[in-house]
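Colleague: this one's structure only:
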């Protein structure tokens, strides 16, 4: 007869907990997300300042970073791959009042020549990378966009 701690304490359903965390983030923030990963939600948009264009992002979730080496974002569509570097090398996530949740704001430089491509292509996958981790987001599609 086998003995298992799972039989005593039950099996931990981490998928439900992860889904609950993502749902909580989506419910707490009124903006439409750009992408969703296993433990994070990505909000993003284009902005211009002083003639320079930026792809502004806010990552909400378990992602936590403190670096002086910057990060990159890779935007993949069916026909193209575009990689952008953060506009500053020094980045640090901010803790929130919710345990285990952080907010990370990062602006990425984008050339004017790449703007049209980004606006015309339907991004399907987004990858945030630093020297120690890659976070893969899938493009968020609202229910009314699927029809």
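Modeller: All right, it came through fine. Not measured: the values here are computed from a predicted model.

Colleague: so where does residue 23 fall, helix or strand?
Modeller: If you go by DSSP states H and E, residue 23 is part of helix 14-28.

Colleague: let me fix that: residue 119
Modeller: Assigned by DSSP H and E, residue 119 falls in helix 112-120.

Colleague: what helices or strands is that helix leaning on?
Modeller: Counting contacts by 3 or more CB pairs under 8 Å, 6 or more residues apart in numbering; DSSP states H and E, helix 112-120 is packed against strand 40-49, strand 52-61, strand 81-85. Glycine gets a C-beta too; all of them are placed from N, C-alpha and C.

Colleague: from those, which stretch is densest packed?
Modeller: Stretch with highest mean neighbour count among the helices and strands packed on helix 112-120: strand 52-61 (a mean of 20; mean count of other CB atoms under 10 Å).

Colleague: output the helices and strands packed on helix 112-120 in CSV, with mean pLDDT and distance to residue 124 appended to each entry.
Modeller: Formatted as CSV, these follow (pLDDT from 0 to 100; distance: least, CB to CB, whole Å):
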stretch, mean pLDDT, distance to residue 124
strand 40-49, 93, 13
strand 52-61, 94, 16
strand 81-85, 94, 11
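
Colleague: closest to residue 103 out of those strands?
Modeller: Nearest of the helices and strands packed on helix 112-120 to residue 103, taken as CB to CB: strand 52-61 at 5.5 Å.

Colleague: low-scoring stretches of the chain, by residue?
Modeller: 1-19, 143-147 (pLDDT under 70).

Colleague: other residues contacting the helix holding residue 119?
Modeller: 46, 53, 55, 75, 80, 82, 84, 110 (CB atoms under 8 Å, 6 or more residues apart in numbering).

Colleague: same thing but 6 Å
Modeller: Residues outside helix 112-120 that contact it (CB atoms under 6 Å, 6 or more residues apart in numbering): residue 53.

Colleague: tell me the angle that helix makes with strand 52-61.
Modeller: Taking axes from the mean of the first three to the mean of the last three CA atoms, to 10 degrees, one finds helix 112-120 and strand 52-61 inclined to each other by 50 degrees.

Colleague: that'll do, ta.
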